[in-house]
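Trainee: Quick one, fold the following:
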Amino acid sequence: MRKWSLTLGLLLSATSVLSACGGGENEDAAAEGTDKITIKLMHRYQESNIGKSPEDTAVLDGLARFRADYPDVEIVEEQLQNEDYSIKAQALAAADDMPDVFIVPGSWMTNFVNNEIVLPLNAELDKRPEWRDGYRAGTLDAGTRDGQVYGIPIAAGPTHLIYYNAQMFSDIGYSEFPATWEELMDAGAKLAEKGINLFSYGDKSKGYALSSWISALTDRATGPEWTDSILSGGGAKFTDEGFVKAIGIMSDLAKAGYLNKDLNSVDADAMVNYYFEGRSAAFASGIWSAMNVVNNAPEAIAEATHVTVFPGIEGGLGNPLSSSGGAGVYYSVNAGVEAGDKLEAIMTMLDYMTGADSARLMAEAGGFPAYDPGEFDRGKLDRVALEAYEASAAADSTKIFDLWFDASVVEVINTEIQGVMAGSRTPEQLAEETQKAYETFLAKP
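Mentor: All right, here's what the predicted structure looks like:
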């Protein structure tokens, strides 16, 4: 077994109760006396979500089309819920028993590459330049290490958009979402007088703040060069003014009373429900929330909802209209799959599942594909979903910190931000604790 991290090592005991589905145990088609190729596929997209989730709809449609066009390729498919997938995939990775094709979140990629679990795909992609070059800028990045591509991205997943009730803002004198921090705080005060929170916020799961707030606000304050320096160990620090300022913006909103008081004890679903109930005038979330508004918001709320991004930060070094985003989830291939017909079939299958046709369907269903869909029928999109798509396409995509920072650093930020938002910690204290964790990470051999 390959060397593995302690976290995954602890999952070894779980492998005894999991069915083996590793690519290494596939019987060779030639040995069976048949030309049929068998591909074992494990992922977290489910038929029950077709028509509800743009990603599930598009990916599974692509798989169905591949099956129809290539009947001699047998797909042994396992569809799992997100949490179940995470547990099983890590256990199989620890046991060196992964299937042929599987999902790898960007935050796992370094471990999977270092432990030689995933196959470098540059040579295969170079055979298919039109497909390879169709992915949006930056979407291959979190699946790439040292110039080698190890993952095929699925959705680009902008994580920072502002969904707001235009009628509520109109009622307090704003014909559009506030364009400056001063205007935003003024709107918060006027909404508070009416018993309405400026934003609803839900970080019970520890991750919402980093994904939908901190990543985008930090880039606004520091510019992308700061993030690149952090990732490369180039001298930037979490105690730098820009990062502290970004955390301070969030702290100021909480201290002013412009967020729901139970912000750390409710999850993202409850947060959105607060908005649906009219308890808040806005919420920050990813593009996935557009279809939630379309499908589940009361009619009056849906009609009043528009989509934008957070206002720029005065004196900020980054693009004031940027949004944290990029691909966060990838399809990877087992490192044990050798060049030949089976690998060719796998790459064709992944083209069907993530390439041009899948991307158009995902966009028409309200998602934001990693592959540029080009022209698609925008008339199929509800107005809110179209606004979310257009806001995502217009914004510069910046790195989602929880996909790029080491897990030890992410854990400190996720824990400390809850204290900041509750008023028991300061932005400076969060920055100091994060810097300590970062320095420990840099010191590792």
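Trainee: residue ranges for the strands of the stretch 1-150 of the chain, please.
Mentor: 37-43, 73-79, 101-105, 144-145, 148-149 (DSSP state E, counting those that start in this stretch).
Trainee: Between those, which one is closest to Ser200.
Mentor: Within the strands of the stretch 1-150 of the chain, the stretch nearest Ser200 is strand 101-105; the backing value is 26.3 Å (Cβ to Cβ). For glycine as for every other residue, the C-beta is placed from the backbone atoms N, C-alpha and C.
Trainee: which strands and helices sit next to the closest one?
Mentor: When contacts are defined as 3 or more Cβ pairs under 8 Å, 6 or more residues apart in numbering; DSSP states H and E, strand 101-105 packs onto strand 37-43, helix 82-94, strand 329-333, helix 341-354.
Trainee: Averaged pLDDT, that strand. What do you get?
Mentor: The predicted model assigns strand 101-105 a mean pLDDT of 95.
Trainee: quick one, that strand and helix 341-354 angle?
Mentor: 50 degrees (axes from the mean of the first three to the mean of the last three Cα atoms, to 10 degrees).
Trainee: What is the burial count for Tyr208?
Mentor: Using other Cβ atoms under 10 Å, Tyr208 has 24 other residues around it.
Trainee: swap in the one 5 residues further on?
Mentor: Counted by other Cβ under 10 Å, the residues lying close to Trp213 total 25.
Trainee: Same check on the one 10 residues further on?
Mentor: Using other Cβ under 10 Å, Gly223 is surrounded by 17 other residues.
Trainee: got it, and Glu390?
Mentor: 13.
Trainee: ok, back up a step: and Asp126, which of the strands of the stretch 1-150 of the chain is closest to it?
Mentor: Taking these one by one with Cβ to Cβ, strand 148-149 is closest: 9.8 Å.
Trainee: got a list of contacts for whatever helix or strand comes next after that closest one?
Mentor: Next helix or strand after strand 148-149 toward the C-terminus (DSSP states H and E): strand 152-153. In this structure, residues lying in contact with strand 152-153 by Cβ atoms under 8 Å, 6 or more residues apart in numbering are 121, 135, 139-140, 142-143, 327, 329-332, 350, 354, 370-371.
Trainee: Which one among the residues you listed sits at the bottom for pLDDT?
Mentor: Ala327 (84).
Trainee: Would you tell me which one of the strands of the stretch 1-150 of the chain is buried the most?
Mentor: strand 101-105 (a mean of 24; mean count of other Cβ atoms under 10 Å).
Trainee: mean confidence for the helix or strand hosting Tyr163?
Mentor: According to DSSP H and E, Tyr163 maps onto strand 161-165. Strand 161-165 comes out with an average pLDDT of 97.
Trainee: which helices and strands sit right next to that strand?
Mentor: strand 282-285, helix 289-296, strand 305-308, helix 383-394.
Trainee: rewinding a little: please identify which of the helices and strands packed on strand 101-105 is closest to Asp61.
Mentor: Using Cβ to Cβ, the nearest of the helices and strands packed on strand 101-105 to Asp61 is helix 341-354, at 8.6 Å.
Trainee: And the closest one, what's buried?
Mentor: Going by neighbour count (16 or more other Cβ atoms under 10 Å), the buried part of helix 341-354 is 342-343, 345-354.
Trainee: repeat for stretch 383-401
Mentor: Neighbour counts over stretch 383-401 (16+ other Cβ under 10 Å) mark 384-389, 391-392, 395, 397-401 as buried.
Trainee: How about stretch 130-139?
Mentor: Neighbour-count burial for stretch 130-139 [16+ other Cβ under 10 Å]: 131-132, 134-136, 138-139.
Trainee: any chance of those in TSV, with distance to Leu361 too?
Mentor: Converted to TSV, the buried residues of stretch 130-139 look like this (distance: Cβ to Cβ, whole Å):
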residue	distance to Leu361
Trp131	16
Arg132	20
Gly134	15
Tyr135	16
Arg136	16
Gly138	22
Thr139	17
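Trainee: so which pair among those is furthest apart in space?
Mentor: Trp131 and Gly138 (17.2 Å).
Trainee: Name the stretch from the helices and strands packed on strand 161-165 that approaches Ala236 most closely.
Mentor: Closest of the helices and strands packed on strand 161-165 to Ala236 is strand 282-285, at 24.6 Å (criterion: Cβ to Cβ).
Trainee: so what secondary structure elements neighbour the closest one?
Mentor: With contacts defined as 3+ Cβ pairs under 8 Å, 6+ apart, strand 282-285 has these neighbours: strand 161-165, helix 268-276.
Trainee: ok, and which of these has the densest surroundings?
Mentor: Of all the helices and strands packed on strand 282-285, strand 161-165 has the most neighbours on average by mean count of other Cβ under 10 Å, namely a mean of 25.
Trainee: Now the helix or strand just after it: buried residues?
Mentor: Downstream of strand 161-165, the next assigned helix or strand under DSSP H and E is helix 166-171. Residues of helix 166-171 classed as buried: 166, 168-169 (neighbour count, 16+ other Cβ under 10 Å).
Trainee: what do you get for stretch 190-208?
Mentor: By neighbour count on 16+ other Cβ under 10 Å, the buried set for stretch 190-208 is 190-191, 196-204, 208.
Trainee: contact partners of it?
Mentor: 168, 171-173, 184, 187-188, 209, 253, 256-260, 263-272, 274-275, 278-284, 402, 414-415, 417-418, 421.
Trainee: Filter those down to the buried ones.
Mentor: The buried subset of the contacts of stretch 190-208 (16+ other Cβ under 10 Å) comprises 168, 172, 184, 187-188, 209, 253, 258-260, 263-264, 266, 268, 271-272, 274-275, 278, 280-284, 402, 414, 417-418, 421.
Trainee: Point out where this structure drops to low pLDDT.
Mentor: Scanning the chain for pLDDT under 70 picks out the ranges 1-34.
Trainee: tell me the centre residue of it?
Mentor: Gly328 (4.2 Å; Cα atoms, centre = their mean).
Trainee: Distance to Gly315 for the helices and strands packed on strand 101-105 - can I get that in JSON lines?
Mentor: As requested, the helices and strands packed on strand 101-105 are exported to JSON lines (distance: least, Cβ to Cβ, whole Å):
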{"stretch": "strand 37-43", "distance to Gly315": "44"}
{"stretch": "helix 82-94", "distance to Gly315": "39"}
{"stretch": "strand 329-333", "distance to Gly315": "35"}
{"stretch": "helix 341-354", "distance to Gly315": "40"}
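Trainee: With Ala64 as the reference, name the closest of the ones you listed.
Mentor: Evaluated over the helices and strands packed on strand 101-105, closeness to Ala64 peaks at helix 341-354, with 8.9 Å, by Cβ to Cβ.
Trainee: Outline the domain layout of this structure.
Mentor: Using automatic domain parsing, the domain parsing of the chain gives 6-157+326-374, 161-324+399-443.
Trainee: Compile those domains into TSV and extend it with columns for distance to Lys380.
Mentor: Listed next are the domains of the chain as TSV, based on distance: least, Cβ to Cβ, whole Å:
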stretch	distance to Lys380
domain 6-157+326-374	4
domain 161-324+399-443	12
